[in-house]
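> Just need the structure, nothing else, for what follows:
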Amino acid sequence: MNIEGIKNIITKGGLKFTHQRMVIYNAIAEAKNHPTAEHVFEQIKSDNPSISLGTVYKTLDTFVTAGIIQKFVDNKGVMRFDGILEAHSHLYCKKTNEISDYKNAELEALLTKFFDKNQIEDFDIDEISIVIKGQKL
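Numbering: from 1, shown residues only. A predicted model of the protein is given here:
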């Protein structure tokens, strides 16, 4: 993703655009494995030695609050981050603990149609996402 694209996303989230935010957001946007804060820090620290792990944590939380990334807890209780906000599901490899995105418009439509028809009492659904567990071959 280019700098202008990142700047647009950050500022549309109501945040000031800074070099640190740009670097951290770019690491999330380029990641394919839903990284932890520690993974983001490891990825950026050699080119950005002034950024601390604490800054990465605070910035990621700020991004979540601004609605420009998502966070979730994996099966091992580890906090992970995802730069894709559109409805999508995930593939979880039990062998490697890797998490990858799985987008399938037909599946998303089926899930939406199912829950439109079978609403959950006293519960307002914002989004539907599933985790498909297995192993990479």
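
> This protein - how does it break down into domains?
3-82, 89-134 (automatic domain parsing).

> ranking those domains by burial, who's on top?
Stretch with highest mean neighbour count among the domains of the chain: domain 3-82 (a mean of 16; mean count of other Cβ atoms under 10 Å). All C-beta spots, glycine's among them, are computed from the backbone N, C-alpha and C.

> Just the terminal-to-terminal distance for that one.
Terminal residues of domain 3-82 lie 19 Å apart, using Cα to Cα, to the nearest Å.

> For the residue nearest to the spatial centre of the chain, which non-adjacent residue is closest in space?
The centroid of the chain falls nearest to D82 when counting by Cα atoms, centre = their mean (0.8 Å). Spatial nearest neighbour of D82, chain neighbours left out: Q70 (4.6 Å); criterion: Cβ to Cβ, 6 or more residues apart in numbering.

> Output the domains of the chain as TSV; include the columns mean pLDDT.
Formatted as TSV, the domains of the chain follow (pLDDT from 0 to 100):
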stretch	mean pLDDT
domain 3-82	93
domain 89-134	89
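
> Need the phi and psi values for C93.
Dihedral angles of C93 (phi, psi; degrees, to the nearest 10) stand at phi -90, psi 110.

> Surely it and Q135 touch.
Yes - at 5.7 Å, C93 counts as touching Q135 under the criterion of Cβ atoms under 8 Å.

> Helices of the protein, start to end?
Along the chain, counting by DSSP state H, helices occupy 3-12, 19-30, 37-44, 53-66, 105-117.

> could you dump those to JSON lines with distance to E86?
Below are those laid out as JSON lines (distance: least, Cβ to Cβ, whole Å):
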{"stretch": "helix 3-12", "distance to E86": "13"}
{"stretch": "helix 19-30", "distance to E86": "13"}
{"stretch": "helix 37-44", "distance to E86": "21"}
{"stretch": "helix 53-66", "distance to E86": "16"}
{"stretch": "helix 105-117", "distance to E86": "9"}
